[in-house]
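Participant: Sequence and predicted structure are below.
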Amino acid sequence: MQLRDTVYVDGVRLPIGRARDDGYYAHTRADDMAVRTIRALLARQPGLDPARIDDNVWAATAQVGDQGLTMGRSTAVLAGLPKSVPGYAVDRMCAGALTSITNAANAIRVGAQQVVIAGGVEHMGHHPMGEDIEPNPRFVAESLVDPSALVMGTTAENLHDEWPTVTRERCDEYAVISQERVAKAQTEGVFEGHVVPMTVWSEDGWRVVTDDEHPRPGTTLEDLAKLQTPFRAGGRVTAGNAAGLNDGAGAVLLADASVAAELGLPARMRLVDYAFVGVEPETMGRGPIPATERLLDRNSMTLDEIDVVEMNEAFAVQCVGFLDHFGLPLDTDKVNPYGGAIALGHPLAMSGARLTQQLAHALHARPDARYGMTTLCVGLGMGAAVLWEKL
Amino acid sequence: MTDAVTQFKVTYHQRSRAGQLAVVTMDNGAGHRKPSVFSQAALESLSAALDELEAQPDLKGVMLTGKPFSFAAGADLHEFVGLDARSGEQAARAGHEAFARIAALPVPTLAAINGVAMGGGLEIALHCDYRTISSIAAPVAFPEVFLSILPAWGGTQLVPRLVGHEQALAVIVGKPLENNRTMKAPEVVDRGLADRLIPAVDFNDASIELLERLVTGEEVIDRPTPSADGLDEALANARQTADQRTHGATPAPYRAIDLVEFAARGGDLAEGREREIAALAELVPARHAQASVYSFDLTQSRVKRQPGKPDVPARPMRKVAVVGAGLMGSQLGALLLERLEVPLVMKDVDASVLEQARTHIEGHLDKRVQRGRLPEPKAGFLKSLVEYTLDYEPLGGADLVLEAVVEVADLKRKIFAEVEQVVDEGAILATNTSSLSVSDMAAGLAHPERVVGMHFFNPVAVMPLLEIIRAEQTNDVTTATAFEVGKQLRKSAVLCGDSTGFVFNRILFRWMDECGKAASDGTPFTVIDDAEKSRGLPMGPYELLGLIGFGVAAHVARVMADAFPDRFAVDANIERLAELDVPAVYDWSQGRVPYPEIVEAWQIREGAQPWEPEEVSRRSVEAVADEVKRILDEGVVADARDIDTCMLLGGGWPFFNGGICMYLDQTGVSERLFGERLVGASDRGLDG
């Protein structure tokens, strides 16, 4: 059977907030955040009759409370989509939104659906990592995973152990680059194309949040060198060279290529292929390497042919290891040209949406670029990679 | 009763094109069931927020909105109680001054009406340059005239300027007088009081985006200049409406119309504001406004707490029955079915009556379906829950049996005895009698403690009052169940003792009885009706008689006379009218002219002189005062406020009189006749 083409039409996200009592979204529900992105997405595509939307796919890692009740369906109703629009929820932890996107794309590729919203949301302020989780005792009793596998920061320390050349100094250097790139992209208005403000409730009444809350522009190596290593005494992973704990929501609009043309929807990228792989849970940050390799292999490509990589920065060690593996310098233009999660923050299941939006921007910002890839590492040992072609 | 103080909270944000924008939130810090109100302290907070906004050098626009789900409910009514003219003037002036500063801000201002906006809440929005309203915002209204005051923070002056005199008179005078009708969001936009209707889901974000576009000039809001055409006619109509609704008994609507006229004739805004302030200073301390606040509290707050309801669990309703499926019974059946949604048995001795009841009940459900209030399949299910029967057996298992047969005590006793044979021991037996003794009805039953009176008023679907009659042996669970069912039926329940006529009919018929003496002395019906309406009553006794029907009136009068022969008499004239085939006293097709048959049948006492209107009014008030005092002294109700609640909700007696007890107190009648005030004068043992 000939697969149909899935194209990326548009994407929006909210400014990423800090998961704190005084953070942007402390008094805002996660589902309302998701709804805001759906409404903004529709407002930007006035030619799209909402009744044409065939599905509303939403990822969240913690599917309880304001992220419970089958988010895809509940946010479709809350967003005022016609009741005929179905929805469902997805969970692949950090690769949540990425999995929403590949699921949605597949439904389009096989011709079952034509226009689909795919998104991810995570309110880590309302749902701290590991909330309400009861890990099966067999994990440890039967040595199925190392006990450290369930603490993400510790898995990053494990990676450092395996990659002694990825030093804390190099990781801090990478973190500074991330901060600098985000600050520059901010000034250049890169994010304005896909970040929509939201009016949120706060102790001071309603306030409008417009820009990401997490970045610390001007961060220096000296600043970073002073930070504690909370996961291990004498370790290498700090709050400065890792992603933060954040709240955010992002959504993208995908469509069948010919339907997009028929409806007058802009087609900005074509989904080429994707790969998900499993790796050892205690070194989950390795995930992007085998995922990328499998993806390249399936498509008989090399990384040289990929013009832009948007990689989630869970931990700098994972990124630096990736760059080393593929022989790229820390400041390569190819990877994360607008910075990444170390500066912007990483609201788990939301991040795949952000990476995809930034990739679309980067591919179009570079006239000669053709292929781009988004990639993430995933808790409990997985890697994800999605290959796109600019249209 | 003091609400949390409303704070005006300010946040700022920067937009790349529009620059710095401020969002001002009105927030009293309480849950969304308690909307923000403007006390003096709130106005001080507004003043501080304005100090801050005025000092921002780079400010480009301001959005004013409310806490989640509500905008603002206007002035703090509680601050009005006992306010003198000088304080009233200060309150009005303080609001004017603060609001005028909003209007004077040099940057575009937008009020984002996100929920309830009443009175001063709507006025503060009118001081902004633009208004958006959320699709779910409701109620929106100027209720002031309903409370015998007027919008005095610029409302009477700004609304005509914004949308013209016709809309201004409608929202400031017409709607409040039409039983205080309020608006939902689409109507607010239709009337021009808001510029944009925005779906609730987008409301805040879309409102701030609109402000942004207004600041940058990308969007412009043009409004048509209101037409001055037809002003004289509109004013005359408004004054006529005020006459019809209040009969001149409260000054507020007339003062509001005068102020709208001033603005509509191009009066100076500053002078208009002064006139508004002066009018409020005069109206707030007056008895009408003070009584209105009292009435508002009784009907909106106190009665909902159900004073007198015993603190025991009510019997849950899983099946109910109505015995007597006539006019009242079929209405009660329809209400029980609609609100309780449980199996219903309609029992009667006449199959054709049952058939009519079925037509009524099913027609009632069909009407709700047509109005979009009830899904059709659900209506089908509800219809299937009703059993129409000539037998008692189907009543088995009913948790409540409500009898609504003709007003014959022996018949009702017999029915209850039959019902007792088939229902469970705990089933509640309720009677809808309007005047008979409930204790008598219970006498001789195996379980008299489960008999209670539930006196609904006709038409059942419309009239809010429910008198719950606790008979001698009625136990707590029975009384509590009557209250609970009343609440589920969305009625306002007042607990009464088992005294003939209970509260409402006892007062109503004492009043009609006294008025009847004037008529029997040859005072024309219209003179009597006008004299009574001049106090603000919605109808005079002879207009009302047409609604009650001569037969019913004669019957109740007889029951009252039997119970209280010392002061109630059977009016022979009414009994004669009951024999006639005439629908009412007045032939309205001729104007307000009595039917010739009525005039002919009416016998005037020999040698009698017609009464002057003042005498009619004085004597009717004194008769009612006497009956009220007896009701209180006999302990038929626990509190004078219960009587006022009955008269406000059962008879539509005007808010600005506070029912009857408050009126007697305010006009000095109770002091003169009894040497004490009735409302809150003495602790009569219970308190709601």
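Facilitator: Happy to help now that I have it. Numbering: from 1, shown residues only, chains lettered A, B, ... in the order given.
Participant: Only C-alpha atoms from now on, for both contacts and neighbour counts.
Facilitator: Will do.
Participant: burial measure for the residue of chain B found nearest chain A, as a count.
Facilitator: When scored by CA to the nearest CA, chain B has B:Thr25 as its residue closest to chain A, at 5.2 Å. Each residue near B:Thr25 was counted by other CA atoms under 10 Å in any protein chain shown, and the total is 25.
Participant: Pull the helix or strand where it lies out as CSV, backbone CA atoms only.
Facilitator: Secondary structure assigned from DSSP states H and E places B:Thr25 in strand B:19-27. Coordinates of each C-alpha in strand B:19-27 appear next as CSV, following Å, rounded to 0.1, in the frame of the first residue of the first chain:
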residue,chain,number,x,y,z
GLY,B,19,4.2,48.3,24.0
GLN,B,20,3.4,48.2,27.7
LEU,B,21,-0.2,47.1,28.6
ALA,B,22,-1.7,46.9,32.0
VAL,B,23,-4.4,44.4,33.2
VAL,B,24,-6.4,45.6,36.2
THR,B,25,-8.3,42.8,38.0
MET,B,26,-11.1,43.4,40.4
ASP,B,27,-10.8,40.7,43.0
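Participant: Quick check: which helices or strands does it pack against?
Facilitator: In terms of contacts (3 or more CA pairs under 8 Å, 6 or more residues apart in numbering or on different chains; DSSP states H and E), strand B:19-27 is packed against strand A:205-209, strand B:7-15, strand B:59-66.
Participant: Nearest to B:Ala314, out of the ones you listed?
Facilitator: Evaluated over those, closeness to B:Ala314 peaks at strand B:59-66, with 38.9 Å, by CA to CA.
Participant: before we move on, the earlier item: want to throw the helices and strands packed on strand B:19-27 into JSON lines with distance to B:Asp626?
Facilitator: Rendered in JSON lines, the data for these read as follows (distance: least, CA to CA, whole Å):
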{"stretch": "strand A:205-209", "distance to B:Asp626": "55"}
{"stretch": "strand B:7-15", "distance to B:Asp626": "49"}
{"stretch": "strand B:59-66", "distance to B:Asp626": "49"}
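Participant: Need those strands in a markdown table (columns: distance to A:Leu42 and mean pLDDT).
Facilitator: Below are those laid out as a markdown table (distance: least, CA to CA, whole Å; pLDDT from 0 to 100):
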| stretch | distance to A:Leu42 | mean pLDDT |
| --- | --- | --- |
| strand A:205-209 | 20 | 98 |
| strand B:7-15 | 22 | 97 |
| strand B:59-66 | 24 | 98 |
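Participant: And the contacts of the strand holding B:Thr25?
Facilitator: Residues outside strand B:19-27 that contact it (CA atoms under 8 Å, 6 or more residues apart in numbering or on different chains) are A:204-207, B:6-15, B:36, B:58-67, B:71-72.
Participant: before we move on, back to that, out of the helices and strands packed on strand B:19-27, which gets nearest to B:Val159?
Facilitator: Distance to B:Val159, taken as CA to CA, is lowest for strand B:59-66 among these, at 18.7 Å.
Participant: before we move on, the earlier item: may I have the strands that pair with the strand holding B:Thr25, each with its orientation?
Facilitator: Paired strands of strand B:19-27, with direction, are strand B:7-15 (antiparallel), strand B:59-66 (parallel) (DSSP bridges).
Participant: what angle separates the next helix or strand after that strand from strand B:19-27?
Facilitator: Along the chain past strand B:19-27, the next helix or strand (assigned with DSSP H and E) turns out to be helix B:40-54. Taking axes from the mean of the first three to the mean of the last three CA atoms, to 10 degrees, one finds helix B:40-54 and strand B:19-27 inclined to each other by 180 degrees.
Participant: packing partners for helix B:40-54?
Facilitator: When contacts are defined as 3+ CA pairs under 8 Å, 6+ apart, helix B:40-54 packs onto strand B:7-15, helix B:85-104.
Participant: Just give me how far it sits from the chain centre.
Facilitator: For helix B:40-54, the gap between its own C-alpha mean and the chain's C-alpha mean amounts to 35 Å (CA atoms, centre = their mean, to the nearest Å).
Participant: Determine the angle, from 0 to 180 degrees, between it and helix B:85-104.
Facilitator: Taking the same axes, to 10 degrees, one finds helix B:40-54 and helix B:85-104 inclined to each other by 20 degrees.
Participant: quick one on the thing from earlier: of the contacts of strand B:19-27, just the buried ones, PyMOL syntax please.
Facilitator: Filtering the contacts of strand B:19-27 down to the buried ones (16 or more other CA atoms under 10 Å in any protein chain shown) takes a single PyMOL command:
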select buried, (chain A and resi 205+206+207) or (chain B and resi 6+7+8+9+10+11+12+14+36+59+60+61+62+63+64+65+66+67+71+72)
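Participant: Phi first, then psi, for the residue in the stretch 1-150 of chain A that chain B sits nearest to.
Facilitator: Distances between the stretch 1-150 of chain A and chain B by CA to the nearest CA are smallest at A:Ala79, namely 6.7 Å. Recorded main-chain torsions at A:Ala79 are phi -80, psi 0, according to degrees, to the nearest 10.
Participant: where do the strands sit along chain A?
Facilitator: When secondary structure is read from DSSP state E, chain A shows strands at A:6-13, A:17-18, A:55-59, A:87-90, A:115-123, A:198-202, A:205-209, A:246-256, A:269-278, A:308-311, A:371-378, A:382-390.
Participant: right, so the ones you listed: which one is the most enclosed?
Facilitator: Comparing the strands of chain A by mean neighbour count (mean count of other CA atoms under 10 Å in any protein chain shown), strand A:115-123 ranks first with a mean of 32.
Participant: For that one, the averaged confidence score.
Facilitator: The predicted model gives strand A:115-123 an average pLDDT of 98.
Participant: Listing partners with orientation, what would you give for it?
Facilitator: Using DSSP bridges, the strands paired with strand A:115-123 are strand A:55-59 (parallel), strand A:246-256 (antiparallel).
Participant: What residues does chain B have near chain A?
Facilitator: Neighbours of chain A within chain B, by CA under 8 Å from any CA of the partner chain: B:9-15, B:23-27, B:67, B:201-202, B:204-205.
Participant: mind running it again at 6 Å?
Facilitator: Residues of chain B found near chain A, taking CA under 6 Å from any CA of the partner chain as the criterion, are B:9, B:11, B:25, B:205.
Participant: how about TSV for the helices and strands packed on helix B:40-54, with distance to B:Phe509 added?
Facilitator: Compiled in TSV, the helices and strands packed on helix B:40-54 are given as follows (distance: least, CA to CA, whole Å):
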stretch	distance to B:Phe509
strand B:7-15	51
helix B:85-104	39
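Participant: right, so of those, which gets closest to B:Leu337?
Facilitator: Taking CA to CA as the measure, these were each checked against B:Leu337, and strand B:7-15 came out nearest at 45.4 Å.
Participant: Measure how the closest one sits relative to strand A:198-202, angle-wise.
Facilitator: If you take the same axes, to 10 degrees, strand B:7-15 sits at 150 degrees to strand A:198-202.
Participant: Would you map the strands across the stretch 501-650 of chain B?
Facilitator: Secondary structure of the stretch 501-650 of chain B, counting by DSSP state E, counting those that start in this stretch: strands at B:586-587, B:593-594.
Participant: for those strands, which one sits closest to A:Tyr25?
Facilitator: A:Tyr25 lies closest, by CA to CA, to one member of the strands of the stretch 501-650 of chain B: strand B:586-587, at 67.1 Å.
Participant: Strand partners (parallel or antiparallel) of the closest one?
Facilitator: Strand B:586-587 has these partner strands in its sheet, going by DSSP bridges: strand B:593-594 (antiparallel).
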